[in-house]
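Asks: Let me see the structure of the following:
(chains A and B)
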Protein chains: 2
Amino acid sequence: MNVAVMGYGIVGSGVAEVLAKEHDSIAKRSLQEELSLKYILDIRDFPDDPNAGKFVRDFDVILQDESVQIVVETMGGLHPAYEYVLACLQAGKSVVTSNKELVAEKGDELLAAAKAHGVNFMFEASVGGGIPIIRPISQCLAANELDEIAGILNGTTNYILTQMIQEGLDFDTALAQAQELGYAEKDPTADVDGHDACRKICILAALCFGTHVYPKEVHTEGIRAITLADVDYARAWGGVIKLLARAARSDDGQITAIVSPALVKNSSQLAGVNDVFNAILVRGDALGDVVFYGRGAGKLPTASAVVADVVDCARNQGKNRMLLWDGAKSAYVRDYLDCETAFLVRAESADVPAALADAERVFGSVQVLTREGAAAGEFAFVTPTDTERALRAKLGTLLGVRVLSAIRAVGY
Amino acid sequence: MNVAVMGYGIVGSGVAEVLAKEHDSIAKRSLQEELSLKYILDIRDFPDDPNAGKFVRDFDVILQDESVQIVVETMGGLHPAYEYVLACLQAGKSVVTSNKELVAEKGDELLAAAKAHGVNFMFEASVGGGIPIIRPISQCLAANELDEIAGILNGTTNYILTQMIQEGLDFDTALAQAQELGYAEKDPTADVDGHDACRKICILAALCFGTHVYPKEVHTEGIRAITLADVDYARAWGGVIKLLARAARSDDGQITAIVSPALVKNSSQLAGVNDVFNAILVRGDALGDVVFYGRGAGKLPTASAVVADVVDCARNQGKNRMLLWDGAKSAYVRDYLDCETAFLVRAESADVPAALADAERVFGSVQVLTREGAAAGEFAFVTPTDTERALRAKLGTLLGVRVLSAIRAVGY
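Replies: Residues are numbered from 1 along each chain as shown, chains lettered A, B, ... in the order given. The predicted structure follows:
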């Protein structure tokens, strides 16, 4: 069975490497099928590459070669990845991708195209790198209602937050260090502003709830505004700040999805997930909480997830086997302001005792936190749980108080 | 499609409950097949049970009913579970089990019987309760060499150790508390002496390495001998004591499997696994470390894993799809004494400075640990890494020293 790889970047070249290295064990596991890498689509030249003879620059070569039954898309970006993948599926080729943007924006349509043409569209590597998560969730779903999912889905921001928490580096210094180590891009927007995590939670939410959730419907906040003062107050509260992507379905069937910094207690399984590691927590009615942990990125982990999908495509050639989710119903997405949360509020006032008394009055009761080295006039407290809308309205009524930050506290 | 459940204990009744509750979603996921619970085999009477009309006492009723295509075995124990399961497979029925003893002792034979008769033998629930682990490992294997697996596989002992570490209870008190809460049996042998964890690591090792490892070949130590002094020294070292089940394959293809108390550093993902929770760490060459975490037991988590297997059997009726492992080759199992480890040694001597100087001399260098409240003459140190055989020989040469405990330190 012939395979083509589109895009010979970090993941694409890793796929070629894993396909070569695991050739024999793959043949055994793919029900005795040999998998041969026939083409690599890239516009660049790789004259010294072991696969140098396989490069093509024209997508049509792959599309029109009927002997190519599985196509790996590791180009990234929405275009032309979307057009190429759709054309492959329509031509009866199964497609495996690591491209989270593609799946988050076009997953419903591409799954439907795969089903219509009796082939498979698989994307295990699009979330959590090498951590098996898409299939285990499908498996959990067989006997559980999954109503909540929460994860640390972006390694770059988790590395930065870990440096802030453990080493006391401020955001800018931690970001610069992450860039130096190759954990963050020169333009770190997609990571630090939460867009990468947003795409991943869209995919997970679609899988858990059976309906597409588009990135633009997900309230997304990054970690640029997090300060060492926030980190200190989180510690005083007995927890840490993580960039969490969360999705939940309420009893009325409405879906909430949000990406934001969030406080988790030190006893949470998510609190100990440090550096570039990812973790995904799934909450099932029969199952309770299950957590999957591992490297969320990296050449070989991600490539190994792609190759596992390729093997699964080979084993299921001619038989569409992925669970399908439907197109989005926008009415099902709930405004994040209507969801319940508690806030860790950091603020300043010329009269802190009066401000705290006012906060007590407005919120009923608050948990006051202190830290060493706080500037004069700085104070912090944790509110009771209420809708975010109500909490924000109440914060707005505090007299003589400037709110510096308000970070959600969650119960995972 | 008709299903029979053999054994209406905690898990078996949970299976009936989940099958009823998730009936519609199961029908959707089983490729539109309806699953009907037709028989329940049990010798007891359940006159007030909602399934009262389905009870049979004669196994042959199930065996000879061709409309029963999937049989769930939740009786436990080796006999007659083994004979019943084998007969079902030979009669062309797929079997799902949660019985770790059965899989650990007879898995190779039953997998071969399933293959020979074109049906499936599935056992996701036999390890890690509801945590998806058997299928994710198969998935990882598609593109990874897995050379190591380590886990906290027994909730009872993990609860006891957590109480010792966090609450300072001694072993007997913590065990009594676990029994009171229903986490430990009246006869706790299978749990506290490591036999339960041993069966589970046999299953995982067989899956990872493709060759059966029998329980009797696994060196197994429980936690009865662990004292609060050991817990204190572990804390001084920067870690905790967990009952770890481990299996590894060395470069020459030899397999080691061992169940024993082990020190893990606080930074390990296994250190924060507390109370009755389980966690399984898999180390792949491309993937790095992946950890699966969740409730390792309990009626509904375990039942949901059984039902997920039942759904998979329904989807794959008439097609054997599980990866097979071979019968054991005893030559492949390596003596645990030949494996490398470090030891946390607790000992006593009439002349501690002389004893420590002697230890320095014998081991090259040791890391001395101290704790508050140590009895006069007690001391502790961590050895360098060497084979267990060499370490034990060296311990035997220390003059005027009585070794009180030697706990392995591991690098997970």
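
Asks: ok, and the helix or strand in chain A with the lowest average confidence?
Replies: Ranked by mean pLDDT, DSSP states H and E, the weakest helix or strand in chain A is helix A:23-29, scoring a mean of 77.

Asks: CA atoms only for that helix, dumped as CSV, please.
Replies: Provided in CSV are the C-alpha atoms of helix A:23-29 (Å, rounded to 0.1, in the frame of the first residue of the first chain):
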residue,chain,number,x,y,z
HIS,A,23,8.7,-0.8,8.7
ASP,A,24,8.7,-4.4,9.8
SER,A,25,6.5,-4.0,12.9
ILE,A,26,4.1,-1.9,10.9
ALA,A,27,3.8,-4.6,8.2
LYS,A,28,2.9,-7.0,11.0
ARG,A,29,0.3,-4.7,12.6
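
Asks: helix or strand right after that helix?
Replies: As assigned by DSSP states H and E, the chain's next helix or strand after helix A:23-29 is strand A:36-41.

Asks: any residues touching that following strand, and which ones?
Replies: A:1-8, A:12, A:16, A:19-20, A:51, A:54-57, A:59, A:61-62, A:65, A:67-68, A:75 (C-beta atoms under 8 Å, 6 or more residues apart in numbering or on different chains). Heads up, the C-betas are built off the backbone N, CA and C, glycines and all.

Asks: 10 Å - rerun?
Replies: Contact with strand A:36-41 is made by A:1-8, A:12-13, A:15-16, A:19-20, A:23, A:46, A:49, A:51-59, A:61-62, A:65, A:67-68, A:71-75, A:84, A:310, as judged by C-beta atoms under 10 Å, 6 or more residues apart in numbering or on different chains.

Asks: Leaving out the residues flanking it, which one is nearest to A:Glu217?
Replies: A:Val333 (4.7 Å; C-beta to C-beta, 6 or more residues apart in numbering or on different chains).

Asks: Is that neighbour in contact with A:Ala206, as I believe?
Replies: No: at 11.8 Å, A:Val333 and A:Ala206 do not qualify as touching, with contact defined as C-beta atoms under 10 Å.

Asks: that older thread, ok, the residue nearest to A:Glu217 - how many residues close by?
Replies: 19 (other C-beta atoms under 10 Å in any protein chain shown).

Asks: mind checking pLDDT for it?
Replies: pLDDT for A:Val333: 83.

Asks: what's across from it in the sheet?
Replies: A:Ile255 (DSSP bridges).

Asks: for A:Thr387, same thing?
Replies: Beta-bridge partners, per DSSP bridges, of A:Thr387: A:Glu340.

Asks: any low-confidence regions in the stretch 201-350 of chain A?
Replies: Across the stretch 201-350 of chain A, the ranges flagged by pLDDT under 70 are A:322-324, A:327-331.

Asks: now the strands for it?
Replies: Under the criterion DSSP state E, counting those that start in this stretch, strands of the stretch 201-350 of chain A are mapped to A:219-220, A:239-249, A:255-265, A:277-284, A:288-295, A:340-349.

Asks: Please pick the buried ones from the contacts of strand A:36-41.
Replies: Burial by neighbour count, 16 or more other C-beta atoms under 10 Å in any protein chain shown: within the contacts of strand A:36-41 this picks out A:1-8, A:12-13, A:15-16, A:19, A:51, A:54-56, A:59, A:62, A:65, A:68, A:71-75, A:84, A:310.

Asks: Out of those, which sit inside strands?
Replies: A:2-6, A:55-56, A:68, A:71-73 (DSSP state E).

Asks: Show me chain A divided up by domain.
Replies: By the assignment in automatic domain parsing, chain A contains the domains A:2-130+A:300-330, A:134-295, A:336-409.

Asks: Centre of the chain to the second one, how far?
Replies: Going by C-alpha atoms, centre = their mean, to the nearest Å, the spacing between the C-alpha centre of domain A:134-295 and its chain's C-alpha centre is 7 Å.

Asks: gap between the two ends of that domain?
Replies: One end of domain A:134-295 sits 15 Å from the other (C-alpha to C-alpha, to the nearest Å).

Asks: which residues in chain A form helices?
Replies: Applying DSSP state H to chain A gives helices spanning A:10-21, A:23-29, A:59-64, A:81-90, A:100-116, A:134-141, A:155-167, A:171-180, A:189-192, A:195-209, A:228-237, A:299-315, A:352-363, A:388-397.

Asks: Comparing those helices, which yields the minimum mean pLDDT?
Replies: helix A:23-29 (a mean of 77).

Asks: which helices and strands does that helix pack with?
Replies: helix A:10-21, helix A:299-315, helix B:134-141 (3 or more C-beta pairs under 10 Å, 6 or more residues apart in numbering or on different chains; DSSP states H and E).

Asks: okay, these, which one's buried deepest?
Replies: helix A:299-315 (a mean of 27; mean count of other C-beta atoms under 10 Å in any protein chain shown).

Asks: Pull the CA coordinates from that helix and hand them back as PDB.
Replies: Presented in PDB, the C-alpha positions along helix A:299-315 are these (Å, rounded to 0.1, in the frame of the first residue of the first chain):
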ATOM      1  CA  LYS A 299       8.800  15.700  16.000                       C
ATOM      2  CA  LEU A 300       8.800  12.000  16.900                       C
ATOM      3  CA  PRO A 301       5.900  11.900  19.400                       C
ATOM      4  CA  THR A 302       3.600  13.600  16.900                       C
ATOM      5  CA  ALA A 303       4.900  11.600  14.000                       C
ATOM      6  CA  SER A 304       4.300   8.400  15.900                       C
ATOM      7  CA  ALA A 305       0.600   9.400  16.300                       C
ATOM      8  CA  VAL A 306       0.400  10.100  12.600                       C
ATOM      9  CA  VAL A 307       1.800   6.700  11.700                       C
ATOM     10  CA  ALA A 308      -0.500   5.000  14.200                       C
ATOM     11  CA  ASP A 309      -3.400   6.500  12.200                       C
ATOM     12  CA  VAL A 310      -1.800   5.500   8.900                       C
ATOM     13  CA  VAL A 311      -1.600   1.900  10.200                       C
ATOM     14  CA  ASP A 312      -5.300   2.100  11.300                       C
ATOM     15  CA  CYS A 313      -6.200   3.400   7.800                       C
ATOM     16  CA  ALA A 314      -4.400   0.500   6.200                       C
ATOM     17  CA  ARG A 315      -6.200  -2.000   8.500                       C
END
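
Asks: and the angle from it to strand A:277-284?
Replies: Relative orientation of helix A:299-315 versus strand A:277-284 (axes from the mean of the first three to the mean of the last three C-alpha atoms, to 10 degrees): 50 degrees.

Asks: Pull the distance from helix A:299-315 to the chain's centre.
Replies: Centroid separation for helix A:299-315 versus its chain: 19 Å, with C-alpha atoms, centre = their mean.

Asks: Same question for stretch A:90-104.
Replies: 17 Å.

Asks: Let me have the domains of chain A in TSV, adding distance to B:Leu228 as columns.
Replies: Shown next, in TSV, are the domains of chain A (distance: least, C-beta to C-beta, whole Å):
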stretch	distance to B:Leu228
domain A:2-130+A:300-330	39
domain A:134-295	22
domain A:336-409	33
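
Asks: sorry, back to before: residues in contact with the residue nearest to A:Glu217?
Replies: A:Val333 neighbours (C-beta under 10 Å, 6+ apart): A:205, A:211, A:213-214, A:217-219, A:254-257.
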